[in-house]
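> Fold the following for me, if possible:
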Amino acid sequence: MAFPTLITPTATSTTTAKPLTPIRPRNTATSPATSTTAASAVSFLSCRRNFLSLSAISLFISPVSSAFAASDEEYVKETEAVINKVRNTINMDKNDPNIATAVAELRDTSNFWVAKYRREKSLLGRTSFRDIYSALNAVSGHYVSFGPTAPIPAKRKQRILEEVETAEKALLRGR
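Numbers count the residues shown, from 1 in each chain. Prediction:
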């Protein structure tokens, strides 16, 4: 069924179709005012592109001096401090009233240490880094799961102390 609003061609129609007018391209000639604006825009983009490419190249050529890069002596000193804090906190008596504050200090120290040295590619392969990271992970995981006053089980405590000891030996050897 045909809708009455649709116009359909009929065979009896005597009108002829008009030819379509050709599409003319837009005028490419610009006035002097717009040509200088276009030239300055092209110049700006060219300068910007050159600046960005030179900046990218200089990043690869210049020696990397990361703001987070720590010297080896600083790493050793801070790692020894973390080792001592882990030992002292783990070996505290479960009835000691200062254990909660000691655990909080250990968490702050370990978070700072991990945040600082996890980004260092030169330290990631070191034995001392691996062992201390593992020990801190075990200690933090225990205190997060069971609370700051829960004693560490004997097996876990022994494993943490062994990791700390091997990390300390590796530090003394420069590893």
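> now what about stretch 105-117, what contacts it?
By CB atoms under 8 Å, 6 or more residues apart in numbering, the residues outside stretch 105-117 that reach it are 68, 70, 75, 78-79, 81-82, 85-86, 89, 123, 129, 132-133, 136, 139-140, 143. Where C-beta positions appear, they are placed from N, C-alpha and C, glycine not excepted.
> same question, stretch 144-151
94, 99-100, 103-104, 142-143.
> go again using 10 Å as the cut-off
Outside of stretch 144-151, the residues within contact range by CB atoms under 10 Å, 6 or more residues apart in numbering are 89-90, 92-97, 99-104, 106-107, 142-143, 152-153, 157.
> same deal with stretch 118-135?
Residues outside stretch 118-135 that contact it (CB under 10 Å, 6+ apart) are 66, 68-70, 72, 75-76, 79-80, 82-83, 86-87, 90, 110, 113-114, 116-117, 159-175.
> Give me the distance between the two termini of that stretch.
By CA to CA, to the nearest Å, the extent of stretch 118-135 from end to end equals 14 Å.
> continuing past the lowest-mean-pLDDT helix or strand in the chain, what's the next helix or strand?
The weakest-scoring helix or strand in the chain, judged by mean pLDDT, DSSP states H and E, is helix 32-61 (a mean of 58). As assigned by DSSP states H and E, the chain's next helix or strand after helix 32-61 is helix 72-90.
> and that next one, C-alpha only, in CSV?
Below are the C-alpha coordinates for helix 72-90, written out as CSV (Å, rounded to 0.1, in the frame of the first residue of the first chain):
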residue,chain,number,x,y,z
ASP,A,72,74.9,3.0,47.0
GLU,A,73,75.9,4.2,50.4
GLU,A,74,72.5,5.7,51.1
TYR,A,75,70.9,2.4,50.0
VAL,A,76,73.1,0.4,52.4
LYS,A,77,72.5,2.8,55.3
GLU,A,78,68.8,2.9,54.9
THR,A,79,68.5,-0.9,54.3
GLU,A,80,70.5,-1.6,57.5
ALA,A,81,68.2,0.7,59.4
VAL,A,82,65.2,-1.2,58.1
ILE,A,83,66.8,-4.5,59.0
ASN,A,84,67.4,-3.3,62.6
LYS,A,85,63.8,-2.1,62.8
VAL,A,86,62.4,-5.4,61.6
ARG,A,87,64.5,-7.4,64.0
ASN,A,88,63.6,-5.1,67.0
THR,A,89,59.9,-5.2,66.2
ILE,A,90,59.7,-8.9,65.6
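> Without its sequence neighbours, what residue ends up closest to Leu136?
Nearest non-adjacent residue to Leu136, counting by CB to CB, 6 or more residues apart in numbering: Ser110, 4.4 Å away.
> Now do the same for that neighbour: its pLDDT.
pLDDT for Ser110: 91.
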